[in-house]
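> Test case, fold it:
(one chain, ligands or ions: 1)
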Amino acid sequence: MGGYGDVQLLRDDGLRLDGRKLDEMREVQIEAGVLPAADGSAWVKHGLNVAVCAVYGPMEAHPRKIQRQDRAVIDLRYNMAPFSTSDRIRPGFNRRSREISKVTAEALESVVLVERYPRSKIRVEIEILSAEAGTRCVGITAASVALADAGIPMRDMIVGVASGKVEDTVVLDLDKAEDNYGQADLPMGILPTTEEIAFLQMDGDLSVEEFNLCMEYNMKAAKEIHEIQMDALRRRYESKNGGA
Ligand code: CDP
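Numbers count the residues shown, from 1 in each chain. Purely as a prediction, here's the structure:
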């Protein structure tokens, strides 16, 4: 979120640099069950972002100090692969990946029926293979498909999606240039059926009207992405059970 006012992000015809309309999201593709070694897994391509998520468990929580007597904990690691951006990323945990891991785990804990698995942990590994802005959102979308693929009960799916502001105009699903040079970014984790918000971060300034329009765009996109999640899970179910 650089906020450099001199970078043109909207074309003279009112479309965005990549040709999208203001309320148009990047193309989303999802596959469930892509990693044989995991209990559940998902692959998500969202624009040029690519994320893979693996879920293991529920299993006994180790080390014991992380155990909760009344529920499972979600032990989550978000990581950007060194080759995921044009500048090679220094491998390993950093402040940003710790923050994203924490907020993503909290969002997932609010949808997973964690009280069914006391003293256990559910391990969630999110690996960003290619990054083009919005990777925390793509990670959430992938994790919820992987959790469902692992058969872990949830109140609802959860979809990650962001809207923001560029050139004083609200746009859905910021790409890299819009994220870098835009004025605001509002990523959310949305429960598509109940329309509850399990996760929200805001970078930059939005007026109440702009915030409400971002919410409206995010809700609409969450429902579209939810359909793609459910199609992926249906295909996975059919292939596991001997075809449609
Ligand atoms: O990815 P997300 O929008 O959730 O998080 P961000 O911190 O706002 O990062 C925006 C984008 O900047 C990422 O998606 C990457 O494309 C890029 N980035 C990068 O190139 N190198 C980093 N160390 C971190 C982010």
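> Longest helix in this protein, please.
helix 208-240 (DSSP state H).
> so, in contact with the ligand or not, that helix?
No: on the criterion CB under 6 Å from any ligand atom, helix 208-240 is out of touch with the ligand, staying 13.9 Å away. Where you see a C-beta, it was placed from the backbone N, CA and C, and this is true even at glycine.
> Determine the set of other helices and strands touching that helix.
In terms of contacts (3 or more CB pairs under 8 Å, 6 or more residues apart in numbering; DSSP states H and E), helix 208-240 is packed against strand 28-32, helix 135-149, strand 159-166, strand 169-172, strand 184-190.
> Spatially nearest residue to Val145, not counting backbone neighbours?
Ala42 (3.7 Å; CB to CB, 6 or more residues apart in numbering).
> Would you mind naming what in the protein lies close to the ligand?
So far as CB under 6 Å from any ligand atom goes, the chain lies against the ligand at Thr85, Ile89, Arg96, Ala131, Glu132, Ala133, Gly134, Thr135, Arg136, Lys176, Asp179.
> again, only using 5 Å
Thr85, Ala131, Ala133, Gly134, Thr135, Arg136, Asp179 (CB under 5 Å from any ligand atom).
> Buried ones from those, can you make that a PyMOL selection?
Per 16 or more other CB atoms under 10 Å, the buried members of those correspond to this PyMOL selection:
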select buried, resi 131+133+134+135+136+179
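> Stretch 44-63: end-to-end distance?
31 Å (CA to CA, to the nearest Å).
> I meant stretch 127-143, not that one.
10 Å.
> what bits of the protein have low per-residue confidence?
Within the chain, the stretches with pLDDT under 70 are 1-5, 243-244.
> quick one on the thing from earlier: secondary structure element holding the residue nearest to Val145?
strand 40-46 (DSSP states H and E).
> looking at the protein, which residue lies furthest from center?
Most distant residue from the mean C-alpha position of the chain: Asp12, 31.4 Å away (CA atoms, centre = their mean).
> Tell me the secondary structure at that one.
When classified by DSSP: H, G, I helix; E, B strand; the rest coil, Asp12 comes out as coil.
> do the same with Asp23
coil.
> Quick one: residues contacting it.
Residues in contact with Asp23 (CB atoms under 8 Å, 6 or more residues apart in numbering) are Val171, Leu172, Tyr217, Lys220.
> How about Leu172?
Leu22, Asp23, Glu24, Met25, Val161, Ser163, Tyr217, Asn218, Lys220, Ala221.
> if we go to 10 Å?
16, 20-26, 161-164, 213-214, 216-218, 220-221 (CB atoms under 10 Å, 6 or more residues apart in numbering).
> That one and Pro187: what is the separation?
12 Å (CB to CB, to the nearest Å).
> Quickly list what's touching both of these two.
Shared contacts of Leu172 and Pro187, counting by CB under 10 Å, 6+ apart, come down to Val161, Ala162, Ser163, Gly164, Cys214, Asn218.
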